[in-house]
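Asker: predicted model and sequence below, questions to follow.
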Amino acid sequence: MGNNASERSAVLMPIAHRPLPIANCGRRCQTPILSYPPLVDDVSRTLRDVFVAAYRPYLTELLLARGWPVVSEAIAVGEADLGTALDALLSLHYREQRRAPLELFQEAMIAPNDALAAAGVEAPVRDSIAEAALPGDMYDLAPASSAVLGDDAWRAHLAWGVAKAAAITRPAVALLSSNLLDVDRIEHAVQPLGFRVEKIGSLDGIHDQAAVFVDLEHASADAVIERAAVLGKKVVAFGPHVDDLAFMRARSLGAAEAVPRSRFFSDPGSFLPQYA
């Protein structure tokens, strides 16, 4: 194995954006501003927040406990990379999330490992299991469990696991609407029937949902109806009762049903697909 830091970090599982060398990190050494891609649910938002918030205290406490230098600039780089990697992962639909958030946390140890090596810190002897799992984590910094990151991180990690399992096993209804009250009412109506709601913002959000509910007052309504119909989805459009032209247009684009809001919200669950 090579003796320089870059060779050591190369065998740690790669993340989407490798950190810049510590001396040139510039703005990336600043504490990252928490931001979210569109359509990230509350469970994923919470997980992202608490994992990023736990990163710096976890590493600082660990380094101090071992009597090693607190490599602040490298920690800031890793923290920023963790936020970026989590954003990329959690913006995907649960079915498309091929990685686990804790894996990304572990991979965000590249910069601190490199900084400790550059400072001449002697690497500890690691057990064979840890070395095989993360060969590039020369200083054994990566947490083996989210439990060591604090109670908030552990609970958020568990909640993400539950949400992912539910998303994979329960059929979904895509919902195009900007009205948060509508979203809440539809969720309460379909959840007891075994369905979950996936909020979408455009036709790109349509994948393998069982049905698509569309608010005709949304700017993307026509595009979503047309795309969902092409994909063979049951499309139910709803809108103001006085807008007959919108109902006609929705049906012409492929909506199975186009009804006034009052009728739709009297029983949203009745518009769900029926399974034998």
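Answerer: In hand now; what should we look at? Numbering: from 1, shown residues only.

Asker: measure the spatially most central residue of the chain to residue 211 for me?
Answerer: Centre of the chain computed as the mean C-alpha position; nearest residue by C-alpha atoms, centre = their mean is residue 90, 1.1 Å away. To residue 211, residue 90 is 25 Å away according to C-beta to C-beta, to the nearest Å. In short, each C-beta sits where N, CA and C put it, glycine included.

Asker: repeat that for residue 50.
Answerer: 33 Å.

Asker: okay, helices next: where are they in the chain?
Answerer: 5-10, 42-65, 72-90, 101-107, 110-118, 128-133, 151-169, 180-190, 221-230, 244-253, 261-266 (DSSP state H).

Asker: can you show me the CA trace of the fourth one as CSV?
Answerer: What follows is helix 101-107 as a C-alpha-only set of coordinates in CSV (Å, rounded to 0.1, in the frame of the first residue of the first chain):
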residue,chain,number,x,y,z
PRO,A,101,-27.2,7.2,4.7
LEU,A,102,-24.8,5.7,7.2
GLU,A,103,-22.6,4.5,4.3
LEU,A,104,-22.4,8.1,3.2
PHE,A,105,-21.5,9.2,6.7
GLN,A,106,-18.7,6.7,6.8
GLU,A,107,-17.4,7.8,3.4
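
Asker: now do it: which elements does it pack against?
Answerer: helix 42-65, helix 72-90, helix 151-169 (3 or more C-beta pairs under 8 Å, 6 or more residues apart in numbering; DSSP states H and E).

Asker: and the residue nearest to the residue nearest to the centre of the chain when sequence neighbours are not counted, what pLDDT?
Answerer: Closest residue to residue 90 apart from its sequence neighbours, by C-beta to C-beta, 6 or more residues apart in numbering: residue 44 at 4.0 Å. For residue 44, the pLDDT comes out at 92.

Asker: and residue 35, by the same measure?
Answerer: 44.

Asker: now swap in residue 39 and tell me
Answerer: 47.

Asker: give me the below-cutoff pLDDT ranges for the stretch 1-150 of the chain.
Answerer: 1-40 (pLDDT under 70).

Asker: nearest to residue 185, of the helices and strands packed on helix 101-107?
Answerer: helix 42-65 (17.2 Å; C-beta to C-beta).

Asker: returning to that earlier point: distance of the residue nearest to residue 90 relative to residue 157?
Answerer: 11 Å.

Asker: out of these two, which sits in the busier spot?
Answerer: Taking neighbours as other C-beta atoms under 10 Å, residue 44 and residue 157 compare with residue 44 leading, 26 against 21.

Asker: contacting residues around that one?
Answerer: Residues in contact with residue 44 (C-beta atoms under 8 Å, 6 or more residues apart in numbering) are 90, 160, 163.

Asker: report the separation between it and residue 124.
Answerer: Residue 44 is 34 Å from residue 124, by C-beta to C-beta.
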